[in-house]
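Engineer: Quick one, fold the following:
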Amino acid sequence: MRGLYDLKSRTRKELRAYLAEIREAEKLGYKDVVDQLWNNYREERQQLIDLLLGSKIE
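Structural biologist: The predicted structure is shown next:
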C-alpha cells in the first residue's frame, strides 16, 4: 500500500509501463502514437506530482 503514495515508485512504474507501449509503437513505425504516449506520460506524471505533493513542479 505504501507504494501507492511513494512518488518515485509510482512514476517509475508508470514510466516502465509507458516505455513498453512506446517501444511497441516504435517497432510498428507509429511515430504519432509514440509522441502521444510521451505526452500522456508527462501529463500523468504531473497529475501524480500534484496529487502526492500538492504542488506543481515545472
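Engineer: CA atoms for contacts and neighbours, from now on please.
Structural biologist: OK.
Engineer: any idea how far Lys31 is from Lys13?
Structural biologist: 23 Å (Cα to Cα, to the nearest Å).
Engineer: Spit out the contact partners of Val34.
Structural biologist: Residues near Val34 by Cα atoms under 8 Å, 6 or more residues apart in numbering: Ile22, Ala25, Glu26.
Engineer: Equivalent analysis for Val33, please.
Structural biologist: Val33 neighbours (Cα under 8 Å, 6+ apart): Ile22, Ala25.
Engineer: okay, it: pLDDT?
Structural biologist: In the predicted model, Val33 carries a pLDDT score of 98.
Engineer: Sticking with it, tell me its helix or strand.
Structural biologist: Per DSSP states H and E, Val33 falls inside helix 31-53.
Engineer: And Glu21, by the same measure?
Structural biologist: Assigned by DSSP H and E, Glu21 falls in helix 7-27.
Engineer: mean confidence score for that helix?
Structural biologist: 94.
Engineer: Same question for it: list its buried residues.
Structural biologist: Judged by neighbour count (16 or more other Cα atoms under 10 Å), helix 7-27 contains these buried residues: Leu7, Arg10, Thr11, Leu15, Tyr18, Leu19, Glu21, Ile22, Ala25.
Engineer: Dump that helix to PDB, restricted to CA.
Structural biologist: Written as PDB, here are the backbone C-alpha positions of helix 7-27 (Å, rounded to 0.1, in the frame of the first residue of the first chain):
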ATOM      1  CA  LEU A   7       6.100   9.400  -5.900                       C
ATOM      2  CA  LYS A   8       9.400   7.900  -7.100                       C
ATOM      3  CA  SER A   9       7.900   4.400  -7.100                       C
ATOM      4  CA  ARG A  10       4.700   5.400  -8.800                       C
ATOM      5  CA  THR A  11       6.400   7.400 -11.500                       C
ATOM      6  CA  ARG A  12       8.900   4.700 -12.100                       C
ATOM      7  CA  LYS A  13       6.200   2.100 -12.600                       C
ATOM      8  CA  GLU A  14       4.300   4.400 -14.900                       C
ATOM      9  CA  LEU A  15       7.400   5.100 -17.000                       C
ATOM     10  CA  ARG A  16       8.100   1.400 -17.300                       C
ATOM     11  CA  ALA A  17       4.500   0.700 -18.500                       C
ATOM     12  CA  TYR A  18       4.600   3.600 -21.000                       C
ATOM     13  CA  LEU A  19       8.000   2.600 -22.300                       C
ATOM     14  CA  ALA A  20       6.700  -0.900 -23.100                       C
ATOM     15  CA  GLU A  21       3.900   0.700 -25.200                       C
ATOM     16  CA  ILE A  22       6.300   3.300 -26.700                       C
ATOM     17  CA  ARG A  23       8.800   0.600 -27.800                       C
ATOM     18  CA  GLU A  24       6.000  -1.400 -29.400                       C
ATOM     19  CA  ALA A  25       4.700   1.700 -31.300                       C
ATOM     20  CA  GLU A  26       8.200   2.400 -32.400                       C
ATOM     21  CA  LYS A  27       8.600  -1.100 -33.800                       C
END
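Engineer: That's all I had, so thanks and see you.
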